[in-house]
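Visitor: My questions are about this predicted structure, shown below with the sequence.
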Amino acid sequence: MTSLLTIDDLVVEHRSPGRPVVRAVAGASLTVRPGEVVGLVGESGCGKSTLARAVCGLNPVTAGSIDFDGQPVTPLGLRRRKLTGIQMVFQDPYASLNPRRRVGDQIADGLRTARDTATSPADLLERVGLPREFAGRHPHEFSGGQRQRIAIARALAARPRLLIGDEPISALDASAQAQVARLMRDLAVESGAGLLFISHDLSVVRLIADRIAVMYLGKIVEVGDTAEVWANPRHPYTRALLAAIPQPDGLGVLPEELPGDVPDPASPPSGCRFNPRCPLVMDVCRDKEPDFGPVACWLHEPK
Amino acid sequence: MTLDITGLRVSIGGKEILRGVDLRLQAGRVHGLAGESGSGKTMTGLATLGLLPHGARTTGSIRLGERELLTLPPKELNQVRGGRIAMVFQDPATSLHPMLTIGTQLTEHMRHHLRLGKAEAKARAVELLGKVRIPGPEEAYGRFPHQFSGGMRQRIAIAIALACSPEVLIADEPTTALDVTVQAGVLRLLRGLCDELGLAVLLVTHDLGVMSAVADEVSVMKDGLVVESGPRGRVLREPEHPYTRALLDSLPDAELR
Ligand SMILES: Nc1ncnc2c1ncn2[C@@H]1O[C@H](COP(=O)(O)OP(=O)(O)OP(=O)(O)O)[C@@H](O)[C@H]1O
Ligand SMILES: Nc1ncnc2c1ncn2[C@@H]1O[C@H](COP(=O)(O)OP(=O)(O)OP(=O)(O)O)[C@@H](O)[C@H]1O
Ligand SMILES: [Mg+2]
Ligand SMILES: [Mg+2]
């Protein structure tokens, strides 16, 4: 099937005066098909939000390309972006809701975008598990998790063809997380939309993603079917990540952190970006960047 | 230092949000607080620092050692806040000023509360940034909050809370924006501060794995009340309250355990 979203060798840089250029996305490739849920995971600061914002046209692209529905994504004015069919739930639910407008009115904006006159904002609140009467309140009257649900309701209202959730459920309790994540999945899959789901919660990603993409320092280092990656992680970074999930077993075991310093995208290591922290590092890893997939690691070079 | 919360009730606009909360934080121990979204975890933390929204009515008692905090005059409360008790807010934007460099924000409090000189304060700030795993801490010192990722901002907020060597730390979902390996580093840091410096921590988290890794005691809130409280192993393995049991059963990989 053809892709809904195709990201090819994308480079996105942050420039600020008097500072070194930060190459937050450094040659990343990824696809999302209609009706598919792709989970994007990786170290804090590795470039996930930067990539997501670039897909929405909010961060300028330095090199590479982003195609949505066969059309290149270019930086757009806000009005046009609403019509392109991409909706994003931003990482910070405090900043993305307008503090001065009732949440019902903000959700109604999305319904208007979708020309939906049959659904009311209260219906959407109900779907994300909130009382209908919350529509009349302002964002500051809600707890962290309640705000995230409102942001999700607003994004769903617009019936996007591609929904991007950037840590959309991080403030919900465990039972609500699974429920809201499933809801996002169901609504996307039923309507044939794609869902790019960025999350640090690997158990939720495992629950809803068809495929999982693992990012490290600006690059996608492993992509695969979720169950396969879970059962047989191949990139040493993916292995470290899965091994650090704390278990709710009541035993008081502190999970392992990665050895070495968290790298700075302003001065990435040469060769494989993971080599200074890799337990399996070889000579070739220090010299040459493994520029291939689905596992960008010299131990897994395609034949 | 011990922080004792007893019979804490808070209402806003006639709606009762906390209905008699009891919690005890002890030096060198991590008290984990889980619970339903909207159950009042954040409000409990805010009440401790006297930071509830306008018009909130509070009764009960919050004692830091021998001192009652609920009736403390604003000036003395200010001394306690940021100095002896610090909070990492659930919303990192509350902890960080958008127009000031993170270096300024880290050292401001230190110079005020710890009376450090400029160079000393900077050295301590850079060290703290390294401890919360911010890459290139020297260079990061001069940057503004928006130049960092969500998880980095969360770690910077933790560094700011720790800057003045508080005796009590209230950390409201401090690792939600972190991947599990960086999270492991932050949890080790918190555990180390408890074990080595006797910090008392209230760790609000909905992640029961995190809870299991660092908490000594676990309390669970629902509808403005603590419904279950006890040692970590007991609460997570033999939960007594149906809500705690439901939380554990709802974990996506519950069937694997
Ligand atoms: N300014 C406010 N005015 C009125 N009610 C409020 C206000 N802020 C929060 N509330 C309500 O108080 C209750 C407790 O909120 P609190 O933020 O303590 O929840 P929480 O347990 O921290 O939830 P979460 O896990 O979602 O962060 C919620 O029902 C919320 O709607
Ligand atoms: N406006 C900016 N100016 C300069 N650097 C920036 C800016 N925004 C982000 N960065 C840097 O770009 C890198 C990637 O940031 P990004 O927000 O994409 O990470 P992330 O993967 O979403 O992390 P997290 O999981 O913590 O949210 C980080 O090193 C960050 O410091
Ligand atoms: Mg991010
Ligand atoms: Mg809260």
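Guide: Ah, there it is. Ligands and ions are numbered 1, 2, ... in the order given.

Visitor: Every contact and neighbour count from this point should use C-alpha atoms.
Guide: Fine.

Visitor: Tell me the spacing between A:R182 and A:I164.
Guide: Computed with C-alpha to C-alpha, to the nearest Å, the distance linking A:R182 and A:I164 is 14 Å.

Visitor: What residues does the stretch 201-303 of chain A have near chain B?
Guide: A:201, A:203-204, A:207, A:240-241, A:244-258, A:261-264 (C-alpha under 8 Å from any C-alpha of the partner chain).

Visitor: Those residues in helices, which ones?
Guide: Within those, residues falling in helices by DSSP state H are A:203-204, A:207, A:240-241.

Visitor: These into JSON lines, with extra columns for distance to ligand 1, neighbour count and pLDDT?
Guide: Listed next are those as JSON lines, based on distance: C-alpha to the nearest ligand atom, whole Å; neighbours: other C-alpha atoms under 10 Å in any protein chain shown; pLDDT from 0 to 100:
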{"residue": "A:S203", "distance to ligand 1": "19", "neighbour count": "15", "pLDDT": "88"}
{"residue": "A:V204", "distance to ligand 1": "17", "neighbour count": "22", "pLDDT": "91"}
{"residue": "A:L207", "distance to ligand 1": "21", "neighbour count": "17", "pLDDT": "92"}
{"residue": "A:A240", "distance to ligand 1": "29", "neighbour count": "19", "pLDDT": "96"}
{"residue": "A:L241", "distance to ligand 1": "25", "neighbour count": "24", "pLDDT": "95"}
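
Visitor: residues in contact with stretch B:84-97?
Guide: A:92, A:94, A:144, B:42, B:45, B:49, B:102, B:105, B:145, B:153-154, B:157-158, B:161-162, B:164-174 (C-alpha atoms under 8 Å, 6 or more residues apart in numbering or on different chains).

Visitor: so where's the longest helix in chain A?
Guide: Using DSSP H to define each element, chain A has its longest helix at helix A:174-190.

Visitor: What confidence value was assigned to the residue lying closest to B:G185 once chain neighbours are set aside?
Guide: Spatial nearest neighbour of B:G185, excluding adjacent residues (C-alpha to C-alpha, 6 or more residues apart in numbering or on different chains): A:E257 at 5.6 Å. The model reports A:E257 with a pLDDT of 91.

Visitor: returning to that earlier point: now the ones in helices among the residues of the stretch 201-303 of chain A next to chain B in CSV, with distance to A:K219?
Guide: Shown next, in CSV, are those (distance: C-alpha to C-alpha, whole Å):
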residue, distance to A:K219
A:S203, 22
A:V204, 22
A:L207, 24
A:A240, 17
A:L241, 15
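
Visitor: In these, find the pair that's most separated.
Guide: Largest separation among those by C-alpha to C-alpha: A:L207 and A:A240, giving 19.7 Å.

Visitor: Excluding sequence neighbours, find me the nearest residue to whichever residue of the stretch 51-200 of chain A sits closest to ligand 3.
Guide: Ligand 3 sits closest to A:Q91 of the stretch 51-200 of chain A, with a gap of 6.2 Å, by C-alpha to the ion. Closest residue to A:Q91 apart from its sequence neighbours, by C-alpha to C-alpha, 6+ apart: A:D166 at 4.9 Å.

Visitor: Who does that neighbour form a beta bridge with?
Guide: Beta bridges link A:D166 to A:I198, judged by DSSP bridges.

Visitor: next SSE after the worst-scoring helix or strand of chain A on mean pLDDT?
Guide: Least confident helix or strand, chain A: helix A:78-83 with a mean of 54, by mean pLDDT, DSSP states H and E. Sequence order places strand A:86-89 as the next helix or strand after helix A:78-83, per DSSP states H and E.

Visitor: Counting by contacts, list what the next helix or strand after that following strand packs against.
Guide: Next along the chain after strand A:86-89, taking DSSP H and E as the criterion, comes helix A:93-96. With contacts taken as 3 or more C-alpha pairs under 8 Å, 6 or more residues apart in numbering or on different chains; DSSP states H and E, helix A:93-96 sits against helix A:144-157.

Visitor: picking that back up, if we go by neighbour counts, what in the longest helix of chain A is buried?
Guide: A:174-182, A:184-189 (16 or more other C-alpha atoms under 10 Å in any protein chain shown).

Visitor: quick one, strands of the chain?
Guide: Because you didn't say which chain, this covers chain A. Secondary structure of chain A by DSSP state E: the strands cover A:5-14, A:22-32, A:37-42, A:63-68, A:71-72, A:86-89, A:162-166, A:194-198, A:211-216, A:219-225.

Visitor: meant chain B actually
Guide: B:3-12, B:15-25, B:30-35, B:56-64, B:67-68, B:85-88, B:168-172, B:200-204, B:217-222, B:225-231.
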